[in-house]
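sequence first, predicted coordinates after that:
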Amino acid sequence: MTVVDTPGTVKPPVSGKPPAAGRHPVAGAAPAGRRDRRRTELADFLRARRARVSPEDVGLPPGLRRRTPGLRREEVAQLAGVGVTWYTWLEQGRRINASAQVLTAVARVLLLDAAERAHLFRLAGVAVRPTAFPDPVLDPSTQLILDALVPLPAAVSNSRYDVLGWNSTYEALFAASRARTADGWFNSLWCTVTSPECCNPFLNRAEQLPTMVAVLRGAYGRHVGEPAWEEFVQSLREASEEFRELWARQEVSSRRTSLKVFWHPRVGVMRLNATYLTIPGIPEAYVAVYTPDGPEDRARVERLAALGPGGRTATCDHARTGPTE
């Protein structure tokens, strides 16, 4: 029989012996050899991570006569709220079921970061549970790359369109419109939806906005029920009837290279191709780099870059009559 992982209890099989690893095939599961290898990898991963966590790291006294570094198995089991035998079998690669709830508790005790936690779930054959949208911190080298791309506008955003980092040309491009969400993020979708037409940097907004909303819908599918996402979508629905109508279409799209037409009060019209590059180590983050579509666009981008981050304090009197050529 299969061992049940109810926290704090262990139900042994009828025979009274621990279940042997990889003995009974499960319909629809991976081949036996692959399952065995994955369980072995899981066991090695758990032991290695347990060894690197000291008792002091999790609020336990150091104790005496520890012959090996790290926590003991019984300490992990106690802190995670699971049975000692169950955790021992898990760490031995036995064939037992592990729920997302219990794996989350084990990950918490072992101080796993997001990447390690996802790795734990994959090895255990359990779908990764969504977490609250993180506040990612960009590596300093990422900002150096953004700065090195000047005069091209470039920024790092997440799948919710929060802008996490940018260079001076990008900041100049959006100098007339820096709309922020209720939780303080500079957000390009919020900017596109809520900025007055005269302040909005997008000239082809009618073409771009449906695509942006469809991309958001695709990302939202990975975060349904998370408070940060639900509040963000609801705030957009309340702020814009146009967004409500687009959201109700249930259209889904992936992010792809596209031509965006921008307007800046001191530079004029710029046709820029947006290219998106992923960033390892930051879930759902990407770099957007805007390259000129033609020679005139390149000249205007260089003029924009020369204005500096504030775009020479670009302002709008909400009475723009048309783009400056």
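It's in. Residues are numbered from 1 along each chain as shown.

all contacts plus neighbour counts: C-alpha atoms, from now on.
OK.

mind listing the strands for the stretch 101-250 of the chain?
Under the criterion DSSP state E, counting those that start in this stretch, strands of the stretch 101-250 of the chain are mapped to 154-158, 163-166.

same question for the first one, mean pLDDT?
Within the predicted structure, the mean pLDDT of strand 154-158 is 94.

sorry, back to before: can I get the strands of the stretch 101-250 of the chain in a markdown table including mean neighbour count?
Rendered in a markdown table, the data for the strands of the stretch 101-250 of the chain read as follows (neighbours: other CA atoms under 10 Å):
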| stretch | mean neighbour count |
| --- | --- |
| strand 154-158 | 24 |
| strand 163-166 | 20 |
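
of the ones you listed, which is nearest residue 268?
Of all the strands of the stretch 101-250 of the chain, strand 154-158 sits nearest to residue 268, with 18.6 Å by CA to CA.

so how far is the lengthiest helix in the chain from its chain's centroid?
In the chain, ranked by residue count with DSSP state H as the criterion, the top helix is helix 32-51. A distance of 26 Å separates the centroid of the chain from that of helix 32-51, by CA atoms, centre = their mean, to the nearest Å.

quick one, whichever helix or strand comes after that helix and helix 32-51 angle?
Scanning the chain past helix 32-51 towards its C-terminal end, the next helix or strand to appear is helix 73-80 (assignment: DSSP states H and E). Calculated by axes from the mean of the first three to the mean of the last three CA atoms, to 10 degrees, helix 73-80 forms an angle of 90 degrees with helix 32-51.

for residue 72, see how far away residue 149 is.
50 Å (CA to CA, to the nearest Å).

revised request: answer the last question for residue 106.
Shown here: residue 106 relative to residue 72, a distance of 13 Å by CA to CA.

who has more neighbours out of the two?
Between residue 106 and residue 72, counted using other CA atoms under 10 Å, the more crowded position is residue 106 (23 against 17).

next one, pLDDT for that one please.
If you check residue 106, the pLDDT there is 91.

correct me, but it touches residue 75?
No. Using CA atoms under 8 Å, residue 106 is not in contact with residue 75; the gap is 10.9 Å.

and the gap between residue 62 and residue 54?
According to CA to CA, residue 62 stands 8 Å off from residue 54.

those two: which is more packed in?
Neighbour tally, residue 62 and residue 54, criterion other CA under 10 Å: the higher count belongs to residue 54, 17 against 13.

rewinding a little: can I get the strands of the stretch 101-250 of the chain in JSON lines with distance to residue 119?
Compiled in JSON lines, these are given as follows (distance: least, CA to CA, whole Å):
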{"stretch": "strand 154-158", "distance to residue 119": "21"}
{"stretch": "strand 163-166", "distance to residue 119": "25"}
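
and of these, who's closest to residue 250?
Closest approach to residue 250 among these is made by strand 154-158 (20.7 Å; CA to CA).

give me the contact list for that closest one.
Counting by CA atoms under 8 Å, 6 or more residues apart in numbering, the neighbours of strand 154-158 from elsewhere in the structure are 146, 163-167, 169-170, 284-290.

where does confidence bottom out across these?
residue 284 (85).

that residue against residue 159, yeah?
Yes. At 5.6 Å, residue 284 counts as touching residue 159 under the criterion of CA under 8 Å.

start and end of stretch 173-192, how far apart?
Taking CA to CA, stretch 173-192 runs 13 Å from one end to the other.

heads up, I number from 9, so please use that
In the new count, where the first residue is 9, that last one comes out as stretch 181-200.

can you give me the pLDDT of residue 139?
If you check residue 139, the pLDDT there is 53.

so how far is stretch 45-61 off the chain centroid?
That offset, for stretch 45-61, works out to 25 Å (CA atoms, centre = their mean).

let me fix that, I meant to ask about stretch 96-108.
Here the centre of mass of C-alpha atoms in stretch 96-108, compared against the chain's by CA atoms, centre = their mean, lies 28 Å away.

hmm, back to that, okay, residue 292 and residue 167: which has more neighbours?
Each of residue 292 and residue 167 has its neighbours counted (other CA under 10 Å); residue 167 has more, 18 against 13.

which residues touch that one?
Taking CA under 8 Å, 6+ apart as the contact definition, residue 167 lies against 224, 227, 292-293.

one more time with 10 Å
Neighbour list for residue 167: 141, 223-228, 263, 291-294 [criterion: CA atoms under 10 Å, 6 or more residues apart in numbering].

any weak-confidence spans in the stretch 109-258 of the chain?
For the stretch 109-258 of the chain, the stretches with pLDDT under 70 are 136-145, 184-193.

show me where it has helices.
Counting by DSSP state H, counting those that start in this stretch, the stretch 109-258 of the chain has these helices, from start to end: 122-132, 148-156, 176-181, 196-202, 213-228, 235-247, 249-256.

and these as a markdown table, adding distance to residue 58?
Listed next are the helices of the stretch 109-258 of the chain as a markdown table, based on distance: least, CA to CA, whole Å:
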| stretch | distance to residue 58 |
| --- | --- |
| helix 122-132 | 13 |
| helix 148-156 | 30 |
| helix 176-181 | 45 |
| helix 196-202 | 42 |
| helix 213-228 | 34 |
| helix 235-247 | 32 |
| helix 249-256 | 45 |
